[in-house]
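Student: Okay, sequence plus prediction incoming.
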Amino acid sequence: MVVSLEEKIKKLIVKQLDLKVKPEKIKDEEPLFGRGLGLDSIDSLAIMVGLDQEFGITLTEKELAEEPEKIFKSVKTLADFVKRRTSKK
């Protein structure tokens, strides 16, 4: 069985943040912050650590300054970011 990138990211989020929700319950388009999963900026740091460990991806200063709300908006936007960054390697 092939696991999608979105599923890998959901599992990463649950593991990194020790959430009490099953990864499959998180919708791809669900907001990660606010009324969605209710994450905060500290949680985004933990997700960044997970992205580095799992995919070898670190965010650039420019991405952190200009695009964090776009990258961390949802599982889908995180997956799109990972696809873009891994395709450049």
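Tutor: Good, I have the coordinates.

Student: what about the residue nearest the centre of the chain, which helix or strand?
Tutor: Geometric centre of the chain, nearest residue: residue 78, 4.5 Å, by Cα atoms, centre = their mean. Secondary structure assignment for residue 78, by DSSP states H and E: helix 75-87.

Student: Contacts for that helix, please.
Tutor: Taking contacts as Cβ atoms under 8 Å, 6 or more residues apart in numbering, the residues outside helix 75-87 that touch it are 5-6, 9-10, 13, 26-30, 32, 47, 51, 55, 57, 70-72. C-beta here means a position set from N, CA and C on the backbone, and glycine is covered the same way.

Student: Out of these, which end up buried?
Tutor: In terms of neighbour count (16 or more other Cβ atoms under 10 Å), the buried residues within the contacts of helix 75-87 are 5-6, 9-10, 13, 26, 32, 47, 51, 55, 57, 71-72.

Student: Tell me which two of these sit farthest apart.
Tutor: Greatest spatial distance among the buried ones among the contacts of helix 75-87 (Cβ to Cβ): 26 and 57, at 19.8 Å.

Student: can you map out the strands along this protein?
Tutor: In the chain, no strands are found when defined by DSSP state E.

Student: in it, which segments are predicted with low confidence?
Tutor: 89 (pLDDT under 70).
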